[in-house]
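In: Fold the stuff below for me.
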Amino acid sequence: MKKPDFKDILEKYAAGKCTDEERALLEGWYLSQLKNGQRPSAEQLAKVKEEMWNELSEKSVVERYSVMRILKWSAVAAALAAAVLFTYKLDWKKGAHSSVREQSALAAPGKAEVKLLKASDVENTMMKLPDGSMVILAKGSSLTLFSDFNGASGRKVRLEGKAYFDIAHDPSRPFIIHTGNVLTRVLGTAFDITTSAGSKTVKVNVIRGKVEVKNTVSRQVTYLHKDMQLVFGEDNRVTLRQEVNAEQELAWRQQDLEFNDISLEDAVQRLEEQFGYKIVVNDPDLRKQKFTYSMRSNESPDSFMKSFCEFLMATYSINKELKTISIQPLKPTST
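Out: Just a heads-up that it's a prediction; the model follows:
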């Protein structure tokens, strides 16, 4: 089976002839373009439109009618067509489709180089850090990795917004998260942190393990274990420390999510949480296959798996009695 050709699928989409899987694949790709900042500007769209009409003027009547059907089927499809054509002109295969913007820039003299990871503005984003830790960045949030992040001095990051961390255990290199005046120090655990721009308030919820939280101004230090919550207030002091249901506190993870350049193996646990099914992937190459793909919060297992496996060049089967989903690589078609 060949990889999907989005241009061909677009034409089938406009003609009402594409399959449910092709429709989900195209619409999912288009949404990813909008949410990662790839939406073309009005000036760019006008330029593309002019180029398209110039090309149309050189075509036959039949060819012009065929293209016009693609552009005029509805306002949404017209925007979709323009976005797709625009993106093709930029050759999106060179990497423009990634929804996590990464940038490395040398800071002011004497300061370390940093790498910025930013989630989209409309959905959460799941990614894997160089040390093996998994992070879900809430929409609009960002995470800064310093140049020595994976070095001997420890794994240091700076968070703006909200994020869930599942930290890879490494006793020799503590994981330290800077959020305003608060430092959260861990070796291997799962928790989330919430802060906001211009505010000194920081909230931490622990779902597994133990966390040390310290305010660098008041010098207050406290330790949290599973199902505990801590809030540092505007005065840099602890304003709340209580027992909570961490799973409920972390329910925000169930919102729309993009898996960004992670392996199927790394995504399995999150898929299981979303659908309540055991995910079985026995093929080692398929387990290690990396992908970037979006998952809607209200999507059914069958609907998601249809488009997802089409994207992965795989197939699946659902056993509703055993509550399992098995994903297998496609078998080569005989010629």
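In: Next one, pLDDT for residue 216 please.
Out: Each residue has a pLDDT score; the one for residue 216 is 92.
In: what's the neighbour count on it?
Out: Neighbour count of residue 216, defined by other Cβ atoms under 10 Å: 12. Every C-beta, even on glycine, is put in place using the N, C-alpha and C of the backbone.
In: How about it: what's its closest non-neighbour residue?
Out: residue 181 (5.0 Å; Cβ to Cβ, 6 or more residues apart in numbering).
In: doesn't residue 219 make contact with the one you found?
Out: No. If you go by Cβ atoms under 8 Å, residue 181 and residue 219 don't touch, sitting 10.4 Å apart.
In: And the two? Which one has more around it.
Out: Applying other Cβ under 10 Å to residue 181 and residue 219 shows that residue 181 carries more neighbours, namely 15 against 8.
In: which residues touch the more buried one?
Out: Applying Cβ atoms under 8 Å, 6 or more residues apart in numbering to residue 181 gives the contacts 200, 202, 215, 216, 217, 232, 236.
In: Next: residue 196.
Out: Contacts for residue 196 (Cβ under 8 Å, 6+ apart) come out as residue 161.
In: mind redoing it with 10 Å?
Out: Shown in contact with residue 196 (Cβ atoms under 10 Å, 6 or more residues apart in numbering): 141, 160, 161, 162, 179, 180, 202, 203.
In: Distance of the closest residue to the fourth one other than its chain neighbours relative to residue 245?
Out: When you say that, I think you mean residue 162. Counting by Cβ to Cβ, 6+ apart, residue 162 lies nearest to residue 138, which is 3.8 Å off, once chain neighbours are set aside. Remark: distance between residue 138 and residue 245 (Cβ to Cβ, to the nearest Å) = 19 Å.
In: now residue 270, what's its secondary structure?
Out: State at residue 270, reduced to three classes by DSSP: H, G, I helix; E, B strand; the rest coil: helix.
In: what separates it from residue 222, distance-wise?
Out: Taken as Cβ to Cβ, the span from residue 270 to residue 222 is 29 Å.
In: Can you pick out the residue with more neighbours from the two?
Out: Neighbours per residue (other Cβ under 10 Å) separate residue 270 from residue 222, with residue 270 holding more: 20 against 15.
In: Just the helices from the chain, written as ranges.
Out: Per DSSP state H, the chain carries helices over the ranges 6-14, 20-35, 42-57, 61-72, 75-89, 246-249, 264-275, 284-288, 301-312.
In: about what we covered before: find residues that contact each of residue 181 and residue 219.
Out: residue 236.
In: re earlier: restricted to buried residues, select the contacts of residue 196 in PyMOL.
Out: For the buried members of these, the matching PyMOL selection, counting by 16 or more other Cβ atoms under 10 Å, is:
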select buried, resi 141+160+161+162+179+180+202+203
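In: out of the contacts of residue 196, who's nearest residue 259?
Out: Checking the contacts of residue 196 against residue 259 by Cβ to Cβ gives residue 141 as the nearest, at 16.2 Å.
In: The closest residue to the closest one other than its chain neighbours: what's it in contact with?
Out: Take residue 141 and drop its neighbours on the chain: the residue closest to it by Cβ to Cβ, 6+ apart is residue 161, 2.6 Å away. Counting by Cβ under 10 Å, 6+ apart, residue 161 makes contact with 118-119, 137-143, 179, 193-197.
In: again, only using 8 Å
Out: By Cβ under 8 Å, 6+ apart, the neighbours of residue 161 are 119, 137, 138, 140, 141, 142, 194, 195, 196.
In: What about the residues you listed, which one has the most neighbours?
Out: Neighbour max across those (other Cβ under 10 Å) = residue 119, 30 neighbours.
In: Verify the contact between it and residue 137 for me.
Out: Yes. Assessed by Cβ under 8 Å, residue 119 is found in contact with residue 137 at 3.8 Å.
In: shaky segments in the stretch 101-250 of the chain?
Out: 101-113 (pLDDT under 70).
In: I'd like the contacts of residue 196 written out as TSV, with distance to residue 129 added.
Out: Formatted as TSV, the contacts of residue 196 follow (distance: Cβ to Cβ, whole Å):
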residue	distance to residue 129
141	14
160	16
161	16
162	17
179	16
180	21
202	20
203	22
